[in-house]
Structure formats: C-alpha cells, structure tokens
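Participant: return atomic coordinates for the entry below.
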Amino acid sequence: MINTVGGVNRRTLLKTGAALGAGIFAAGMPLSQAIWAAEGKVLKARGTEDPTTLDPGFYAGSQEIDIMYCLYSKLTHFKPGYTWGWDLESAEKMEQVDPTHIRFHLKKGMKFTGGHGEITARDVKFSFERVIKHNSPVKPDWGPLDHVEIEDDYTGVIVFKAPYVAVWNIAFPYGVGHIVSEDAVMKATGDGSSFGMKPPAFSGPYVLSEFKQNQHVLLTRNPQWSGPKPGFDEIEIITINEDKTAERAYVAGDTDFTRISLDSLATLKSNPPAETKIEEHPSLYYYWIGMNMDHPKLKDINVRKAIQWAINVPQILDAAFAGQANVATGTIAPGLVGHREKALIPPEGDLAKAKEFLEKAGVSDLTLTIDCLTGSTYTTVAQIVQAQLSQIGITTEIKVQDAGSFWTLGMESEGDRWKELQITVMYFSSVPDPHYATYFFTQDQVGVWNWERFRSARFDELVTKAVTIDHQDARAKLYYEAQDLMEDSGAYRFLTNGANPVMYRTTRTQAVTRPDGYPLFLEFKPV
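Facilitator: Next up is the predicted model:
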C-alpha cells in the first residue's frame, strides 16, 4: 500500500520535499498544490468516451476532435468564450476570392514529427482531398469541395463546385480541417486511407503518448512545436462514461475538469465542491428517437406516426434531463439559423391519436427493439419511451450497447446489423451552422449516419441550396421546410438540445471552452 498526502504518494513527497523548500509554503501555497507545481503541470480532464479513431479525416465524434485539436494543426480554429467565431491558426491569411474559391497562405516553420518535414500546401491538399477520395463518413463536412490548387509551398486555393457558406464554421475549424502529413500517411497506409488509432505524425503542440482503452488518453508536449507554448506539460483525458461517476471522480481529486449531469446541476450550484467553478453553457446537441423506415415492422408510416404521437417529450426530459433541458423543435438548436419555433407534433403528443394511427395500420401485438448507449441518460430515455409505447399496446425490448458497438449499428460498412435496427435513442453533436444539423440525413448518408434511412429528394434539394445562401432569413426558410419533411416522414421524434454545464478546479486550472462548453485544452492555463 502506498501512503498518500493530498493525493500525492509519499514516495514523491519525500523525493521533492527538499526541492520545494520553505519559501513555497511561506507564500501560502497548499501542500498538494506545491507538490503538483514541482512535478510539472499535468491537466487531468474527463473524457466521455474512448476515441475510436484519431484520424481527422474519418472522425466519429466530438470527443475525438477534442483530442485532435491538441495533435494537429488547422487553417483556423474556433474562438474561446461565449460568442461563436474563428481565428487563424496555421494560416497566415485566408481570403474568399469569390463564392467558390478560398485562398490560404500558411505560416512558415511548422513541422511534422518523425522527420516528415514542414507543413506545406501539398499537405493541405492531401488532407482535404483524401476525405472525398476515400468516401469518408464525414465527407459531407466538405460539402461541394472539388479540389485544392497549389500555388507555391505555402499558398493554395480551395475550389468548390458550388458556393459553400458553411465551410467557415464546419470544415476549417472543426474535424476534417486538421492537416496531416502526406508523406507520413502514405507511408503508413499505402493509399492515403484512414490510419485509425495509429497517427504516423503530429503537427500540433502535443503528441499521443499513450492510449489505454476504457482508461485514458495521455498527451505530452511536442518538442518540435514552434507555436505558442501550451500551459500544461501533459494532458491526461480520463475515460468516464457516466456523468455521476465523473462527478465522484472529480470530488475525489482524480480529475480537474468535467462535464456534469443536469440532475446534479442544482445541487452542485448550491453546494459546489471546494475551490470549484461551475459554468452553464447552452448545447448544440440534438437528441431524438429514430426509426428505421426500411425495417418490415416500421415500413408503414402509420406505425411510425403512432410511435411519434405516443411519445411525451416533457416526461422524458423530466426523468432523463432533470427538467433542465429545452424541448427540441428539430435538429437545429436555438440561436442558429433555421431553428423552428415549434415542431409539427406537440411536445406532449396525444395517446388517442397514436392509437388511431396504429388502428389505421391494422397492427396489433407489435414488439420492437430500442437500442441505446450505456449511460443513465440514454437508458432512462429508452425506459420512458418503453413505458409510453406500452400505453398504446406496443411491447419493446431495450438493448444497451457500449460506444464501440452502438456507433456502428446503422453503418452498412460494418456488416448487416443495420437490417435489424428498429428504434434508436440517438444524439449527434453539432457546430454553429445549420448545415451540420441537417446534411447527415440526406440520401447519400443512408447506411452511413442516416440510420432512419430517410429518403427525400426535396430534402436533399433544400439542404444543397441552403448552404449556398448568405442571406439568413432566406436560408432559414429552407431549413424550416427540411425539418418539416423529416418529421412528416414519421421516422423522427425530436427530444432536446440538452445543455452542457461543466466544472473545474480553480486551484489547478483556468478552463477555456467554446460557447457550448466543449473544452479547448490548448487554451487551458495552469494556476
């Protein structure tokens, strides 16, 4: 057994005690903080899920992008704070030449690890075009990208087939905008396809030091990084799926930054842990109940409509979100262009109408499955939906999946499980552009991220047109209609956009986030 003092093992205490000296204690620094300062700056932050890939051209979720922000460079990045915006990062200059051409000029002297040389326009071209070439699941982030023209080692022009106003808030500052080394990736993969969890080179302030599944991701300083020095020597992102477990880990001192559950928010605000700051942020997430329109049991729109009308959204939010989350009107969150004032189906639904639709379908003794992630939020949603559907005579079985299994359920590339998919408790993260909240439901996303297998030529037309329009009111009208079409299909019951409260230890760090509460680890400062 190793004895500890304030979370530091006694062996370390004895080793560093002489070096600390009396001066530190005289300055009033707590013992544990003084030892932490002497050992080197380590940020311990909670991650909600293990990454499934660290290839930015093939990312699967926002948790992975939080890590990628530290490992690679982008032309631009999101500004920290409470207002959405972006700043230049590896680009010295960005210029919208005309509606379909954007010129960039790179800063000089930024290098890849492993002897793969300086970041050049050729690497930018390779990074962006490989997403399209290899038909990445997230290639819609690039919209109508055609190609990148190289003018010199540091200058290039990004060429689109049509105007794409969303590029500034989606592709450039988010996932697919990260720049990888053409030389390193081609040597590692042979054809430029995904390198998964084995990055062959890094270009950001940190490198991947260690990944242990269901434990942590450890990042350490990149000695070849020539940009502004980040605040911490190491960043340890500890995987904790459950918010409640994460809160206990925080109180125990195991992490210094975590998202917190909505049902804990009121209690934590009134009685926060010592030396802790709690921040509330709106969320761009969208949660919904999805139905696989191609499954034989759900092909009849009347069955899907019955399920939609049987679901009472406020009951779900009270149980799963502690009444602290808004009722969603669609996939587009409040504050974004295209947010609808209300959905077509009232939040409370209507059991009588639900039964009418079921009678119209001529269905009785219907049994269905509900797939959901592990975690109390998702399982609670599934259980409430199960109870609500039982009121109209539908019996359901809940199938709980871990993240690795769940996020491949509807993907045709991962086998035939999509054929058995019926009802899912779904959520996607988002960024501050409505295109990101709609394009995953186009026809070319069927069997990729469109697990409802919703097909509408008009929807595709609206989404394609909306992303070319600068005028916000005109653009919003197209997104209103697009969300109406989704709801009219019977395949979606919109739930909430959630919320994203976080807390952090003020004696260890000054946390910095995006407006929606997502951590920007590079901006965190030690105390």
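Participant: so what's Gln315 closest to, chain neighbours aside?
Facilitator: Among residues not flanking Gln315 along the chain, Ile384 sits closest, at 6.0 Å (Cβ to Cβ, 6 or more residues apart in numbering). (Glycine included, C-beta is placed from N, CA and C.)
Participant: which element is the one you found on?
Facilitator: Using DSSP states H and E, Ile384 maps to helix 376-390.
Participant: helix or strand right after that helix?
Facilitator: strand 395-401.
Participant: that next one: what's the following helix or strand?
Facilitator: Criterion used, DSSP H and E; the element after strand 395-401 is helix 403-406.
Participant: surely Asp66 is within a helix?
Facilitator: Yes - when classified by DSSP: H, G, I helix; E, B strand; the rest coil, Asp66 is found to be part of a helix.
Participant: now it. Nearest residue, chain neighbours left out?
Facilitator: Pro519 (6.0 Å).
Participant: I'd say that neighbour and Met503 touch.
Facilitator: No - look at Pro519 against Met503 with Cβ atoms under 8 Å: they stay out of range, at 11.9 Å.
Participant: list the contacts for the most centrally placed residue in the chain?
Facilitator: Nearest to the mean C-alpha position of the chain, by Cα atoms, centre = their mean, lies Ser62 at 2.3 Å. Applying Cβ atoms under 8 Å, 6 or more residues apart in numbering, one finds that Ser62 lies in contact with Ser429, Tyr518.
Participant: okay, now the residue nearest to Gln315: neighbour count?
Facilitator: Ile384: 20 surrounding residues under other Cβ atoms under 10 Å.
Participant: distance-wise, check it relative to Pro346.
Facilitator: Distance, Ile384 to Pro346, using Cβ to Cβ, to the nearest Å: 17 Å.
Participant: now the helices: where do they sit in this structure?
Facilitator: Per DSSP state H, the chain carries helices over the ranges 10-26, 31-39, 62-71, 121-133, 182-189, 243-251, 262-270, 301-310, 313-320, 351-361, 376-390, 403-406, 457-466, 472-488.
Participant: which of the ones you listed sits closest to Glu210?
Facilitator: helix 62-71 (12.3 Å; Cβ to Cβ).
Participant: buried set for that closest one?
Facilitator: Ser62, Gln63, Glu64, Ile65, Asp66, Ile67, Met68, Tyr69, Cys70, Leu71 (16 or more other Cβ atoms under 10 Å).
Participant: the last one contacts Pro51, doesn't it?
Facilitator: It refers to Leu71. No - in this structure Leu71 lies outside contact range of Pro51 using Cβ under 8 Å: 10.7 Å.
Participant: what's the angle between the helix holding Ile384 and helix 301-310?
Facilitator: Here the directions of helix 376-390 and helix 301-310 differ by 120 degrees (axes from the mean of the first three to the mean of the last three Cα atoms, to 10 degrees).
Participant: rounded mean pLDDT for helix 376-390, please.
Facilitator: Computed over helix 376-390, the mean pLDDT rounds to 96.
Participant: rewinding a little: CSV please, covering the buried residues of helix 62-71 and showing distance to Leu219.
Facilitator: Shown next, in CSV, are those (distance: Cβ to Cβ, whole Å):
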residue, distance to Leu219
Ser62, 17
Gln63, 14
Glu64, 13
Ile65, 14
Asp66, 11
Ile67, 7
Met68, 11
Tyr69, 10
Cys70, 5
Leu71, 7
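Participant: what's the overlap in contacts for Pro519 and Met503?
Facilitator: Shared contacts of Pro519 and Met503 (Cβ under 8 Å, 6+ apart): Phe257.
Participant: what residues does the residue nearest to Asp66 make contact with?
Facilitator: Ala45, Asp66, Phe257, Val502, Ala511, Val512, Thr513.
Participant: among those, name the ones in strands.
Facilitator: Using DSSP state E, the members of the contacts of Pro519 that fall in strands are Ala45, Phe257, Val502.
Participant: roughly how far does the last one sit from Thr258?
Facilitator: Between Val502 and Thr258 the distance is 7 Å, computed by Cβ to Cβ.
Participant: the two - which one has more neighbours?
Facilitator: Shown here are Val502 and Thr258; by other Cβ under 10 Å, Thr258 has more neighbours (27 against 20).
Participant: how about the more buried one, what does it touch?
Facilitator: Ala45, Arg46, Ile240, Ala246, Glu247, Ala249, Tyr250, Val502, Met503, Tyr504.
Participant: identify the bridge partners of it.
Facilitator: Met503 (DSSP bridges).
Participant: what about it, distance to Lys44?
Facilitator: On the measure of Cβ to Cβ, Thr258 and Lys44 end up 10 Å apart.
Participant: over to Thr496?
Facilitator: Thr496 sits 30 Å away from Lys44, taking Cβ to Cβ as the criterion.
Participant: who has more neighbours, the two?
Facilitator: The neighbour count for Thr496 versus Lys44, taken as other Cβ under 10 Å, is higher for Thr496 (26 against 22).
Participant: residues near the nearest residue to that one once chain neighbours are set aside, how many?
Facilitator: Using Cβ to Cβ, 6+ apart and skipping residues adjacent in sequence, the residue nearest Thr496 is Ala325, 4.3 Å away. Ala325 is flanked by 21 other residues according to other Cβ under 10 Å.
Participant: and what of the one 4 residues further on?
Facilitator: A total of 21 residues lie near Thr329 under the criterion other Cβ under 10 Å.
Participant: which ones are touching it?
Facilitator: So Thr329 contacts His339, Arg340, Glu341, Lys342, Ala343, Gln483, Phe494 (Cβ under 8 Å, 6+ apart).
Participant: buried among the residues you listed? Need that as a selection in PyMOL.
Facilitator: Per 16+ other Cβ under 10 Å, the buried members of the contacts of Thr329 correspond to this PyMOL selection:
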select buried, resi 339+340+343+483+494
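Participant: how about the contacts of Thr329, which pair is most distant?
Facilitator: Taking Cβ to Cβ, no two of the contacts of Thr329 sit farther apart than Glu341 and Phe494, at 13.1 Å.
Participant: spatially nearest residue to Phe161, not counting backbone neighbours?
Facilitator: Just so we're on the same page, residue 161 is Lys rather than Phe. Spatially, and ignoring its direct neighbours in sequence, Lys161 is nearest to Pro144 (4.1 Å; Cβ to Cβ, 6+ apart).
Participant: so the one you found sits against Val159, correct?
Facilitator: No - using Cβ under 8 Å, Pro144 is not in contact with Val159, being 9.7 Å away.
Participant: Leu298: which of the buried residues of helix 62-71 is nearest?
Facilitator: Ser62 (28.8 Å).
Participant: excluding chain neighbours, what is closest to Arg46?
Facilitator: Closest to Arg46 by Cβ to Cβ, 6+ apart is Thr258, at 3.9 Å.
Participant: Thr276 versus the one you found, what's the distance?
Facilitator: Distance from Thr258 to Thr276, by Cβ to Cβ: 10 Å.
Participant: so what sits against both of the two?
Facilitator: By Cβ under 8 Å, 6+ apart, the residues touching both Thr258 and Thr276 are Tyr250, Met503, Tyr504.
Participant: what's the pLDDT at the residue lying closest to the first one once chain neighbours are set aside?
Facilitator: I take that to be Tyr250. The spatially closest residue to Tyr250, leaving aside those adjacent along the chain, is Thr258, at 4.9 Å (Cβ to Cβ, 6+ apart). Thr258 carries a pLDDT value of 98.
Participant: equivalent analysis for the one 10 residues further on, please.
Facilitator: At Leu268, the model reports a pLDDT of 95.
Participant: and what of Thr442?
Facilitator: In this model, Thr442 carries a pLDDT of 96.
Participant: doesn't Pro140 make contact with it?
Facilitator: Yes - at 7.4 Å, Thr442 counts as touching Pro140 under the criterion of Cβ under 8 Å.
Participant: lovely, talk soon.
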